[in-house]
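Q: Could you work out the structure for the sequence below:
(one chain, ligands or ions: 1)
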Amino acid sequence: MRIGILTSGGDCQSLNATMRGLVKTLYQNVKDLEIIGFLSGYKGLMFGDYKIMKPSDFSGIINIGGTILGTSRCPFKKMQVIENGFNKVEAMIQTYKKLKLDCLVVLGGNGSLKSANLLAQNGLNIIALPKTIDNDTWGTDYTFGYQSAIDIATNYLDQIHTTAASHNRIFIVEIMGHKVGHICLAAGIASGADVILLPEIPYDIEKIAAAIKQREMAGKKFTIIACSEGAISKAEAALTKKQYKLKVAAREGHSVVYDIAKQLSHYTDSEIRVSCVGHVQRGGNPCPYDRLMATRFGIEGASLIMNNDFGKLVVYKDNSVTAIPLIESAGKLKYVDVNSEEVNQAKLLGISFGD
Ligand code: F6P
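A: This next block holds a predicted model:
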């Protein structure tokens, strides 16, 4: 059996742990096995840049962040565009056929899963594993990388808390998540943030100012605002997609937290500071929960391969690691449910969502 494997899109902490779980299970149960590791994501598959892996390559990596194969972003919208006469999809199919692969395993987030589905539609045997710190893959309650990112964002907010309290400041902390706010919601609640701003719940600056005022009246002199990268005001939410894109471009690289800081300064005399957690949310080593989930996802991926059950995405649903047809998930995002128990509980606790 010859299996190709690649990691695609933004990295996360438990890519290596997932590959180890999958490959170790295969080595344990399949007699004649060769693993081909494609380097730098889909680029390796397109350009035939690969490495024949040894079992020892997958040893001692359960706790190591990043990816031993490297990764890259190959946007789905460009996958079917012929550039300088180069047909990327055709090139990937040719590499697969030339190497006589029995299956290609793709570890990726939403864009990468769309590309994996495209390859499956073109007749390749594909097994996909849901990787992203954002936890926004449709069809799974959990994506590996999510818990490690929550831990980092929560620790970061904890550290901001003490300095905010010492200086009586308002801190607006940017947390990853352009389209969905799962990390921000979880880390915000876990760190005791006072305001949580998500892409799914457009904010009104006056409501945020009112929440700060309420705290001040209760004798609390500092405020922590956990803000998703993709937080959006009610006025921005009413714009067309094109108008909103222009507005974001006009920020010239600055994110929404600076807009909010500027607007809030008209409502308060307190000092306001901005801080961004950034890419450390994807860096470093996976937390134990991620190692556990990654390993279980990997084992399920290997089981699918051994059963010739292709075109599947491994998912975690109802406390069980299982699989769904990849085509059901590809192209769909799992947003924060604004009416969820978690959001309602946070509101009962007094957290403002600025709505
Ligand atoms: O998709 C994961 C993610 O970390 C998002 O939360 C974030 O917006 C984006 O990647 C950052 O991407 P890049 O690494 O390309 O800057």
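Q: Test my guess that K114 contacts L333.
A: No. Contact between K114 and L333 fails when scored by C-beta atoms under 8 Å: they sit 11.1 Å apart. Bear in mind the C-beta positions are built from the backbone N, C-alpha and C, glycine included.
Q: do you know how far the residue of the stretch 251-355 of the chain found nearest the ligand is from I160?
A: Closest to the ligand within the stretch 251-355 of the chain is R282: 5.4 Å, counting by C-beta to the nearest ligand atom. Distance, R282 to I160, by C-beta to C-beta, to the nearest Å: 19 Å.
Q: How about P55?
A: According to C-beta to C-beta, P55 and I160 sit 44 Å apart.
Q: quick one: which of those two has more around it?
A: Between P55 and I160, I160 has the larger neighbour count (other C-beta atoms under 10 Å), namely 22 against 12.
Q: so who does the residue of the chain found nearest the ligand touch?
A: Closest residue of the chain to the ligand, C-beta to the nearest ligand atom: M176 (3.5 Å). The contact partners of M176, by C-beta atoms under 8 Å, 6 or more residues apart in numbering, come to I133, D134, A149, A153, I183, S228, E229, V277, G278, Q281, R282.
Q: next one: K234
A: P202, Y203, D204, D355.
Q: so what's the second one up against?
A: Contacts for Y203 were tallied using C-beta under 8 Å, 6+ apart; they are L197, A231, I232, S233, K234, I260, F353, G354, D355.
Q: Helix, strand, or coil at the residue lying closest to the second one once chain neighbours are set aside?
A: Counting by C-beta to C-beta, 6 or more residues apart in numbering, A231 lies nearest to L197, which is 3.9 Å off, once chain neighbours are set aside. Classification of L197 using DSSP: H, G, I helix; E, B strand; the rest coil returns strand.
Q: do the biggest helix by length in the chain and the ligand meet?
A: Using DSSP state H to define each element, the chain has its longest helix at helix 146-167. No. Using C-beta under 6 Å from any ligand atom, helix 146-167 never reaches the ligand; the gap is at least 7.9 Å.
Q: How far does that helix sit from its chain's centre?
A: What separates the centre of helix 146-167 from the centre of its chain is 19 Å, taken as C-alpha atoms, centre = their mean, to the nearest Å.
Q: now stretch 214-223
A: Using C-alpha atoms, centre = their mean, the offset of stretch 214-223 from its chain centre is 34 Å.
Q: Number the chain from 409, please
A: Sure thing, new numbering starts at 409, so read that last one as stretch 622-631.
Q: Quick check, pLDDT for G686.
A: Looking at G686, its pLDDT reads 97.
Q: what do you get for Y450?
A: Y450 is assigned 98 on the pLDDT scale.
Q: For it, grab the count of nearby residues.
A: Neighbours of Y450 using other C-beta under 10 Å come to 28.
Q: how much space between it and K539?
A: 14 Å.
Q: anything in contact with each of these two?
A: S520.
Q: mind checking which helix or strand E660 is in?
A: E660 is part of no helix or strand, with elements assigned from DSSP states H and E.
Q: hmm, which of the contacts of K642 are the buried ones?
A: Neighbour-count burial (16 or more other C-beta atoms under 10 Å) applied to those gives P610, Y611.
Q: For the residue of the chain closest to the ligand, which non-adjacent residue is closest in space?
A: Q689 is the one closest to M584 (C-beta to C-beta, 6+ apart), at 5.0 Å.
Q: is it true that that neighbour lies in a helix?
A: Yes. Per three-state DSSP, Q689 lies within a helix segment.
Q: In this protein, mark out all the strands, start to finish.
A: 410-415, 442-446, 458-461, 511-516, 534-538, 578-583, 603-605, 631-636, 680-684, 720-725, 728-733 (DSSP state E).
Q: how about the residue nearest to M584, what does it touch?
A: Listed by C-beta under 8 Å, 6+ apart, the contact set of Q689 reads I541, A557, I560, A561, I583, M584, I591.
Q: give me every residue that touches the fourth one.
A: Contacts for A561 were tallied using C-beta under 8 Å, 6+ apart; they are I583, M584, I591, C592, A594, A595, S599, A634, V685, Q689.
Q: And for the fifth one?
A: The neighbourhood of I583, defined by C-beta under 8 Å, 6+ apart, consists of A561, I591, C592, A595, G596, A634, C635, S636, E637, V685, Q689.
Q: so which of those residues is the most crowded?
A: The residue in the contacts of I583 with the most neighbours, by other C-beta under 10 Å, is A634 (34 neighbours).
Q: which residue packs closest to it, ignoring adjacent ones?
A: In space, A634 is closest to G596, 3.5 Å off (C-beta to C-beta, 6+ apart).
Q: Is the one you found in contact with G585, as I believe?
A: No. G596 lies out of contact with G585 (C-beta under 8 Å); the separation is 11.1 Å.
Q: quick revisit: separation between the residue nearest to A634 and G412?
A: Between G596 and G412 the computed distance is 40 Å (C-beta to C-beta).
Q: Equivalent analysis for P694, please.
A: According to C-beta to C-beta, P694 stands 23 Å off from G412.
Q: Contacts only, for I707.
A: I707 is in contact with G429, L430, T433, V729, counting by C-beta under 8 Å, 6+ apart.
Q: no no, V603
A: I616, A619, I620, T631, I632, I633, A634, I759, S760, F761, G762.
Q: Could you tell me how many residues sit around the fourth one?
A: As a burial measure, the neighbour count of T631 was computed by other C-beta under 10 Å and equals 26.
Q: wait, doesn't D544 sit right on V588?
A: Yes. Using C-beta under 8 Å, D544 makes contact with V588 at a distance of 4.1 Å.
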